[in-house]
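[1] my questions concern the predicted model and sequence given below.
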Amino acid sequence: MNFAMKLNFRLQSAHSPTNNLPILLIHGLFGNLDNLGVLARDLQQTHTVVQIDLRDHGLSPRSPQMNYPAMAQDVLELLDHLTIEKAIIIGHSMGGKVAMALTALAPDRIDKLVAIDIAPIDYQTRRHDQIFAALNAVTEAGVTQRQDAAKIMREIIKEEGVIQFLLKSFQAGEWRFDVQALWNQYENIIGWQPVPPWSHPILFIRGELSPYIQDSYRDEIARQFPQARAHVISGCGHWVHAEKPQAVLRAIHRFLDTE
């Protein structure tokens with residue numbers, strides 16, 4: 001049985017009154033509600049924007065259970081709490097999978113969906129073992145300063161951008177995500193149970209250099225999301241919204257402006 005968590009969130013009203021639907025932004029693995037801030041700052045010009053911490057991340061409650069139906073139920077209960085009848089959902093990576101799982105629970109509560117560099121696929125590939133090793137090394141060292149944590153992490157992780165991203169969740173010697181829960185539930189996080197076909201518009205934004213959306217996934221994407229569209233952002237990887245935010249925002253605005 002899935003027990004929903006009361007998620008931590010930030011709600012920012014649109015700068016100018018409109019009839020536009022609210023937009024819910026969902027971060028990825030090891031993230032928090034600030035991670036899609038560059039998108040939030042732009043979109044709140046014309047939409048009410050809700051940013052959330054998923055369970056076991058940020059300031060949201062901790063749970064030993066992390067699977068997509070449970071995380072989608074968390075989001076659905078937040079929509080109910082905020083009396084949002086219908087929304088546009090934008091999610092990066094794991095957050096995109098949460099959004100796609102929500103289509104199975106509440107198909108008519110989502111108007112449009114944007115999945116940033118993620119597919120509805122059971123990946124069966126462990127891409128984060130070095131990250132877990134670095135997180136545990138920092139914890140075992142007992143350091144409290146980010147610069148000390150960074151030195152330890154550079155011995156294991158070679159991508160400085162990944163280190164700086166992770167350090168955003170390091171405060172006073174503690175990680176603001178539940179490392180053990182994420183490790184224990186990792187198979188669920190990279191996995192996927194296909195959802196029933198959802199016939200609303202969905203945009204898949206892919207980083208050209210990222211392995212997360214492959215041409216070979218096209219049939220499986222179309223089976224679950226028959227109205228799927230794709231947009232490739234050239235010259236960037238999985239963190240496409242951080243590497244080329246204006247290109248991502250242009251793609252999102254074009255998608256939202258179409259009927």
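    Cool, the structure landed.

[2] any stretches of this structure with poor pLDDT?
    Along the chain, segments meeting pLDDT under 70 span 1-3, 259.

[3] which stretches of it form helices?
    Using DSSP state H, the helices of the chain run over 37-43, 68-81, 94-105, 129-141, 146-154, 160-167, 179-184, 186-190, 218-224, 240-243, 245-257.

[4] for the ones you listed, which one sits closest to residue 61?
    Nearest to residue 61 among the helices of the chain is helix 68-81; the distance by CB to CB comes to 9.1 Å. Quick note: C-beta positions are derived from backbone N, CA and C, even for glycine.

[5] show residues contacting that closest one.
    2-7, 9, 24, 26, 50, 52, 54-55, 60, 63, 85, 87, 89, 97-102, 104-106, 109, 188, 192-193 (CB atoms under 8 Å, 6 or more residues apart in numbering).

[6] how about that helix, which residues are buried there?
    68-76, 78-79 (16 or more other CB atoms under 10 Å).

[7] please name the residues that touch the residue nearest to the spatial centre of the chain.
    Taking CA atoms, centre = their mean, the centroid of the chain lies closest to residue 95, which sits 2.5 Å from it. By CB under 8 Å, 6+ apart, the contact set of residue 95 is 25-28, 31, 54, 116.

[8] against residue 186, how distant is residue 161?
    22 Å (CB to CB, to the nearest Å).

[9] and these two? Which one has more around it.
    Each of residue 161 and residue 186 has its neighbours counted (other CB atoms under 10 Å); residue 186 has more, 16 against 12.

[10] who's in contact with the more buried one?
    Applying CB under 8 Å, 6+ apart, the residues near residue 186 are 126, 128.

[11] apply 10 Å and report the result again.
    Contact analysis of residue 186 by CB atoms under 10 Å, 6 or more residues apart in numbering lists 29, 66, 126, 128-129, 132.

[12] farthest pair in those?
    Top of the distance list for the contacts of residue 186 (CB to CB): 66 and 129, 17.1 Å.

[13] higher neighbour count, those two?
    Between residue 66 and residue 129, counted using other CB under 10 Å, the more crowded position is residue 66 (21 against 11).
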